[in-house]
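Student: return atomic coordinates for the entry below.
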Amino acid sequence: MKSLFLALSLLMLAGCTITRQANVSEANATSGIVRLTWNQAMLQTARTDDYVAKGTATRECQQMGYANAVGFGQPVSTCSVYAGSLCLNTKITLSYQCQGVAIPSTTPGYY
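Tutor: Residues are numbered from 1 along each chain as shown. Now for the predicted structure:
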C-alpha cells in the first residue's frame, strides 16, 4: 500500500511545472549574442518567464552597448548529468541577438 501511494505521489509531482530564473551563461559583444540557461532535473517540468528572460538579455546587451535583445531559434536542451543511460539533469539554453546602438545619456550642463 505504501509503495502504491509513493508511486502515485511521484507521478503527481512529475506533472507539476516549476518556474526557473534563466541566467546569463555567455555574452559575446562582437557577435552580439547572449545565451541564457537554466537547469531542469529528471521528472521535472521547468519553464522560464519569457518577459523576465528577455529583460535579462536586454540588460546584458545594454552593458555591451546595444539597445535591446531579440530572441531567436528554439530552446536547446543538453543533458549535463548522466547516470548510465539516464539523464538526471538537463541544461536548457535560450539565445538572444542584441540589436541597435544604445545612445549614451549625457548629463545636462557638462560639456
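
Student: name the residues of the helix or strand where Phe72 lies that are buried.
Tutor: Following DSSP states H and E, one finds Phe72 within strand 66-83. Across strand 66-83, burial judged by 16 or more other Cβ atoms under 10 Å covers 66, 68-69, 71. C-beta coordinates here come from the backbone N, C-alpha and C atoms, glycine included.

Student: biggest separation within these, which pair?
Tutor: For these, the maximum inter-member distance is 14.1 Å, found between Tyr66 and Gly71 (Cβ to Cβ).

Student: if we can go back for a sec, and the strand holding Phe72, which strands flank it?
Tutor: According to DSSP bridges, strand 66-83 forms sheet pairs with strand 86-101 (antiparallel).

Student: just read off the phi/psi values of Asp49.
Tutor: phi -80, psi 120 (degrees, to the nearest 10).

Student: kindly apply the preceding question to Tyr51 instead.
Tutor: Dihedral angles (degrees, to the nearest 10) for Tyr51: phi -60, psi -40.

Student: re the thing from before, now tell me what touches the strand holding Phe72 from outside.
Tutor: Strand 66-83 has contacts (Cβ atoms under 8 Å, 6 or more residues apart in numbering) with 32, 34, 39-40, 50, 53-54, 57-58, 60-62, 87-102.

Student: drop anything exposed from those residues.
Tutor: By neighbour count, with 16+ other Cβ under 10 Å, the contacts of strand 66-83 hold 32, 34, 40, 53-54, 57-58, 60-61, 87, 90, 92-98 as buried.
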